[in-house]
Each structure stands twice: as structure tokens, then as C-alpha cells.
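Chemist: Quick one, fold the following:
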Amino acid sequence: MASVPAHPMEDYKYLFKVVLVGNAGVGKTCLVRKFTQGIFPPGQSATIGVDFMIKTVKVDNDKIKLQIWDTAGQERFRSITQSYYRSAHAIVLVYDVACQPSFDCLPEWLAEIESYANRKVLKILVGNKVDKGDEREVPERIGQDFSEVNGFDYFLETSALDATNVDNLFEHVARRLTNDMKATDQRMSSGAGLYRHAKIGDFTQTPPTLHNPFNDDPMLGRTLRRLLPQKDFDRVTKDLRRFGDRITNEINALGRQCELNQPRLEQHDAWGRRMDELIVCPEWYRLKEICAEEGIISIGYDDNIDPVTRRVHQIAKIYLFSPSAGLTTCPMAMTDGAVKTLKALGLYGKHDLATESVDRLASTDGKKAWTSGQWMTEKKGGSDVGGGCDTYAECIEGDKYRLNGYKWFSSAVDADVALTLARIVDKDGNAGKGSRGLSLFLLRIRNPDGQLNGIQMIRLKNKFGTKQLPTAELLLDGAVAHCIGEPGRGVANIAKMLNITRIHNAVASVSGMRRMISLARDYATRRVVFGQTQAKWPLHTATLAKMEVETRGCFLLLMEAAQLMGLSVSLQSRSVYPSQRLDLDFFRNHRSFFCFFLVLNYILTFYLM
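Modeler: Numbering: from 1, shown residues only. I've put the predicted structure just below:
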């Protein structure tokens, strides 16, 4: 089976897909995490569906990237995991040497491999948990015999706990697959491949390479040095440089999979029962976990850090992340806005759902973190929200209401909570009109039992470009929600969320501009036309220079907005942080002068850089 060719934005010789299968509890996840992260996860829970990790290894002088897929062993997930066999280059079948039933099930797993995998796939048999010497139930000789009789390419015993043979396992897989690919390449370049070359030609353009986006953008580093105190600058740039490496080595491939494996909606089961199951790829969930781990939201709300510093840090991190994020930055934008809104309304610590929402929306635990939706658009659409909202709220008790309406364009519908607008119906059946009749509501999208909270997913939108993002039409049919903020002030209250999401939209635009220029600039050093690279042709470099100037201007304006976001927090709290070095009362009394200062600062920075 052919290796997946190097993606145009990544620098490696070969990319191989390695799939681990076997019964639940045999230690597949522990093997993967020991190899990719160097840790043994205590109390590891069962894998749900499929998980995915990436590790780059060196085979001789070649950089080899391994996509390692950790599949669930439970019977109910088998139909999901079988689809991952087809494109695998290697399949590692794992059993527990201290669990005879896991060994007895090997013939069933082998039958699946033979049914679904490519016939040339590399098959490895692994007996795991050899650290349980006193509890061993399957002798090594028995495992070796099974491997030989059933045509496995390699057998060994491992322990993720004490790292026995873990690196050897994956390094053997990488070396064996690399050698096989090189042998194939050699055959194709000899006489046997002449006919092939005659059909398609023997020229292959070297693709552009995605480098660490932080190291590749000196403008970002210089701007951070201008905006941040030295101690914060050192800490922030260290984090962004590390994150840039993670983008090139892990995140970019996950985002690519989100583009290739778009979400779908299954509304009914085989018996005609309504279920509205949204199916997204495992990489989408993994990227949302990474957002939590990296503090994409939490950085902006760390009370131990200067508000200006934390917002500048957050926006800079999203700026690096966005082009590779598989559009998970959309739910992150709404999540950021939800945290801002709930805090600004003074609900944190006073309202149970709002407090839990803030804690989990801003969590750094990928398994516990939530995301938020923002449901405003209805069928009429447009900027006249007050004239287009036809969703109504009937009081149950206190601040709890039932919502009925139709939300026409609801992005990231796999979120956990949402903020939405509706008109409160009084006891006489009357509802307020226009914008002043709208109130803001917070609701859980699913009930504790996992069922949708009075919500039906009517269909997914067939959008033009952002298809990896699940956006749906939703029918609210008695959805239970909490009215937050003053009734009738819904538009003003949700505007706090909109101000945040608009900044996120700007980040996405500017970061996309920067990524395209970085790739175009790298490609110009690789593409040869008329005897020299494109980078040496004045017309081409002039075009790149014009794009660079426009991008830098947009970037500087974006970072000024990030700085002002943080400054607004300081103004509201009247707290003064050393990095700001300005008198807040002076700012209030001399706003025109301050705006002039910002514009002058922007112009000087733009031309000096």
C-alpha cells in the first residue's frame, strides 16, 4: 500500500497510518501515550470510538511521521473502528499477557483485519503488560507461535508501565514501512517504472513547507515586545514558540482531517425513531480538547495576569492556531464571548448554571471543558435582530422558561450550552415587540441523560466553504432555558458576546492572510521558472511585498484591538497594572488625544517594521 504523500505544508519523507486494535483494557491507549507523550496515564478510561496521536521519528536521515490511531475495543464501537482498517499501513493487534480472554479473542480480530484491511498491510502482534509477571496467563512462546502460524510480520512483548519495548515497537514499524516504500520507489525509478513515467512524466514539484508559524513571523515577535513588559514577553514568546511546534507536528494534520471528514446528521434510527445524532470526526473532538489544554479561552480570564497581557497573549495564540484549527476557532469564539457575557452580567458565583458554565467553558481540562453556541439568526435574517426574532419564552418558575422558535443558522451545534434571544410571553399571552422585547437566555443543549433539551436538528447547512463546522437549523420545541440579565435587555446583553466574536473573526481573517503569504513565500524559493526560482523575479516579489504590507497593516490594527480589550477590563475595575503606564482618569478625560496616540503608534510601528 502506498504511503500518504507529504502534505504540501509539512516537511517529512513519508506519512504512515498505524492502527492499534484489540480488546478493551489491553493497554492500547497507554502504549500510544507512552510513545507519543512519554507518560503512563493513571486510571486510563476506555477509549470512546477512535483517538488519534502523531509522532515524528527519524529513520536513518529521513523524517517519518506516524499517525497512530487508538481504537475502542468494545463491541459497540466495532462498526466505527472497522472503517479505519482500509487506509492503514500497519495494524498492531494487542492482547494482555495477564488476561487469557484477550488472547482468545485474537482470531476474531484477525478475521476483521483480513476482511477490511489492505492485503499488503504490515501486521504486528503485541503481548502487553509484561510487567505483570506473577499474573501472566499467556506464555511468550504461545504468543510467538500464534504470530508465526497466522502470518504476522513481527511479534514482541511490551509494557507501557515500565516502557519495555514501546519505542522498539513503533520504531520497527516506521523502519519496516520506510524500507518497503524505498524499495517501491527504487523499482519505479528503474526499468520497471519507465512505462509509468512515460504516462505521467517524471517531474514532481516540491511543495511549500509549513514552518513553525511563530518563528516564521518576526512581525509578531516585535509587536509583542512593544506591547508587553519584558517578564511577560519572555513567558508569552516561550509559550507561543512551543505552540508553533505543536501546530506543525500535530495540530495541522488534525485540522486537515476535519476538512476531509465533514460532519453529518442522522435524524432517525433503523426503526424510524427520531434521534438527531450529529456525527463529527474524532479529530474535531481532539482539537477542542487541545483548545482547552492550550488555554485558548482560559488565558483571557487569568486574574493573576495583567488584563492587557492576557488578551494580547490569547489573541496572538489564536492567530497562530486559526489556519490549522479545522474551524474549531468558531466554537472557541462563541465560548469566549459566553464567558465574557456571564461574567459581565455578574452571574458568576450567584447562578448555578452560569457558574458551572464559566468554570467549564474556561477549563484547561480537555475532558471536562465545554463550548458555547450563539443562536440569534432566524429565517428573516439581517442586522435587524429585533424585527426578525420570532422565538417565544413561557415561564415555568423563577428564571426558568420554555423556548419555542426556529433558529435558522446555528453554528457548532455540538456545543454544551448556548446563549439565545427570545420574547417573554406574559400571563395574558402577550409578548414584547422589537428589540426592547427581547431577553437573553442561557440553556443546556442536552439534558443530563444525553438527550437533546427540547431541540430538534432539522438539517445541516450546505455551506460554501466552512463545511467542517457543523451548522444547523434548529427547532426549539419546549427547550428549558434560564433568563439571564434584565428582561427586555437581551440585545444589549448579548452585544457583549458579539464584541468578542467580532475580534475572533478578525483574528481568523488576518491569520489566514499571514498563512497564505508564508506558504507563498516558501513556495517562491522552490518553484523554478525560466531558469531561476520565482523569488528572484521582480514582478513576483513585488506582488508578495504588496500582500505583506496589507497583512502587516491588518495585523497591527488587530493587536491594538487586543490591547484595548484588556485595557477595557482595567478601566471597568479601576485597577492599574504596571504594563499600562497610563493614568486612567487622564484616559477618560482625553480620549481624542489617546486615539491620536494610538494611530501615531500604529503608523510608526508599521513603517519601522
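Chemist: Tell me how far residue 394 lies from residue 429.
Modeler: Distance from residue 394 to residue 429, counting by Cβ to Cβ, to the nearest Å: 9 Å. Any C-beta I mention is one placed from the backbone N, CA and C, and that applies to glycine too.
Chemist: Between the two, which has more neighbouring residues?
Modeler: residue 394 (16 against 8; other Cβ atoms under 10 Å).
Chemist: Quick check, the more buried one in contact with residue 425.
Modeler: Yes: contact status for residue 394 versus residue 425: in contact at 5.3 Å, counting by Cβ atoms under 8 Å.
Chemist: for the stretch 51-200 of the chain, which spans come out with low pLDDT?
Modeler: Confidence mapping of the stretch 51-200 of the chain against pLDDT under 70 gives the ranges 73-84, 187-200.
Chemist: Which residue ranges of it form helices?
Modeler: Ranges of helices in the stretch 51-200 of the chain, per DSSP state H, counting those that start in this stretch, are 78-81, 100-104, 106-116, 140-149, 166-189, 194-200.
Chemist: for those, which one sits closest to residue 328?
Modeler: helix 78-81 (21.0 Å; Cβ to Cβ).
Chemist: buried sites along stretch 173-182?
Modeler: Buried residues in stretch 173-182, counted by 16 or more other Cβ atoms under 10 Å: 173, 174, 176, 177, 178, 180, 181.
Chemist: Residue 301 and residue 356: what is the separation?
Modeler: Distance of residue 301 to residue 356, given as Cβ to Cβ: 15 Å.
Chemist: When the two are compared, which one has more neighbours?
Modeler: Taking neighbours as other Cβ under 10 Å, residue 301 and residue 356 compare with residue 301 leading, 20 against 14.
Chemist: want to try JSON lines for the helices of the stretch 51-200 of the chain, with distance to residue 405 as columns?
Modeler: Output for these, formatted as JSON lines (distance: least, Cβ to Cβ, whole Å):
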{"stretch": "helix 78-81", "distance to residue 405": "34"}
{"stretch": "helix 100-104", "distance to residue 405": "51"}
{"stretch": "helix 106-116", "distance to residue 405": "45"}
{"stretch": "helix 140-149", "distance to residue 405": "60"}
{"stretch": "helix 166-189", "distance to residue 405": "52"}
{"stretch": "helix 194-200", "distance to residue 405": "56"}
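Chemist: For residue 473, which of the ones you listed is the nearest?
Modeler: Counting by Cβ to Cβ, residue 473 lies closest to helix 78-81 out of the helices of the stretch 51-200 of the chain; the figure is 26.6 Å.
Chemist: got a list of what residue 105 touches?
Modeler: Going by Cβ atoms under 8 Å, 6 or more residues apart in numbering, residue 105 touches 22, 23, 95.
Chemist: For the first one, give me the pLDDT.
Modeler: Confidence at residue 22, expressed as pLDDT, is 90.
Chemist: does it really touch residue 103, like I thought?
Modeler: No: between residue 22 and residue 103 there is no contact under Cβ under 8 Å: 9.8 Å.
Chemist: Can you pull up the most central residue in this structure?
Modeler: Taking Cα atoms, centre = their mean, the centroid of the chain lies closest to residue 287, which sits 2.4 Å from it.
Chemist: Could you say which helix or strand holds that residue?
Modeler: helix 282-293 (DSSP states H and E).
Chemist: so how far is that helix off the chain centroid?
Modeler: Centroid separation for helix 282-293 versus its chain: 4 Å, with Cα atoms, centre = their mean, to the nearest Å.
Chemist: chain center to the helix or strand that it is followed by: distance?
Modeler: Sequence-wise, the next helix or strand downstream of helix 282-293 (DSSP H and E) is helix 307-321. Centroid separation between helix 307-321 and its chain, computed with Cα atoms, centre = their mean, is 17 Å.
Chemist: Can you give me the buried ones in the helix or strand just after helix 307-321?
Modeler: Per DSSP H and E, the first helix or strand lying C-terminal to helix 307-321 is helix 329-344. Within helix 329-344, the residues scored as buried using 16+ other Cβ under 10 Å are 329-343.
Chemist: So for helix 329-344, mean pLDDT?
Modeler: Mean predicted confidence for helix 329-344 is 97.
Chemist: Output it as CSV, nothing but the C-alphas.
Modeler: Provided in CSV are the C-alpha atoms of helix 329-344 (Å, rounded to 0.1, in the frame of the first residue of the first chain):
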residue,chain,number,x,y,z
THR,A,329,-12.0,28.5,16.4
CYS,A,330,-15.7,29.2,15.7
PRO,A,331,-16.9,27.5,18.8
MET,A,332,-14.0,29.0,20.7
ALA,A,333,-15.1,32.5,19.6
MET,A,334,-18.6,31.9,21.0
THR,A,335,-17.2,30.2,24.1
ASP,A,336,-15.0,33.3,24.8
GLY,A,337,-18.0,35.5,24.3
ALA,A,338,-20.2,33.5,26.6
VAL,A,339,-17.6,33.6,29.4
LYS,A,340,-17.3,37.4,28.9
THR,A,341,-21.1,37.9,29.0
LEU,A,342,-21.8,35.7,32.0
LYS,A,343,-19.1,37.4,34.0
ALA,A,344,-20.2,40.9,32.9
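Chemist: Next, the angle from that helix to helix 307-321.
Modeler: Between the axis of helix 329-344 and that of helix 307-321 there is an angle of 160 degrees, by axes from the mean of the first three to the mean of the last three Cα atoms, to 10 degrees.
Chemist: Tell me the helices and strands packed up against helix 329-344.
Modeler: helix 307-321, helix 352-361, strand 372-375, strand 400-411, strand 417-425, helix 490-524 (3 or more Cβ pairs under 8 Å, 6 or more residues apart in numbering; DSSP states H and E).
Chemist: by how many degrees do the first one and helix 490-524 diverge?
Modeler: Using the same axes, to 10 degrees, the inter-axis angle of helix 307-321 relative to helix 490-524 is 50 degrees.
Chemist: Give me the nearest residue to residue 432, chain neighbours excluded.
Modeler: Distance criterion Cβ to Cβ, 6 or more residues apart in numbering; nearest residue to residue 432, sequence neighbours excluded, is residue 423 at 5.6 Å.
Chemist: Which of the helices or strands spans residue 366?
Modeler: Going by DSSP H and E, residue 366 is not in any helix or strand.
Chemist: Name the nearest residue to it, ignoring sequence neighbours.
Modeler: residue 289 (3.0 Å).
Chemist: Equivalent analysis for residue 143, please.
Modeler: If the residues on either side of it in the chain are set aside, residue 143 comes closest to residue 127, at 4.6 Å by Cβ to Cβ, 6+ apart.
Chemist: Please give me every residue in contact with that neighbour.
Modeler: Contacts for residue 127 (Cβ under 8 Å, 6+ apart) come out as 94, 95, 96, 97, 103, 138, 140, 143, 155, 156, 157, 158.
Chemist: Now with 6 Å, please.
Modeler: Contacts for residue 127 were tallied using Cβ atoms under 6 Å, 6 or more residues apart in numbering; they are 95, 97, 143, 157.
Chemist: and the last one, how many neighbours does it have?
Modeler: Look at residue 157: counted by other Cβ under 10 Å, it has 19 neighbours.
Chemist: Can you point out the buried residues in stretch 405-414?
Modeler: By 16+ other Cβ under 10 Å, the buried positions in stretch 405-414 come out as 405, 407, 408, 409, 410, 411, 412, 413, 414.
Chemist: Surely the fifth one and residue 472 touch.
Modeler: Okay, so that is residue 410. Yes: using Cβ atoms under 6 Å, residue 410 makes contact with residue 472 at a distance of 5.4 Å.
Chemist: Domain ranges for the chain, per the record?
Modeler: 14-185, 208-260+294-324+499-609, 325-488 (automatic domain parsing).
Chemist: so which of those domains gets nearest residue 272?
Modeler: Checking the domains of the chain against residue 272 by Cβ to Cβ gives domain 325-488 as the closest, at 15.0 Å.
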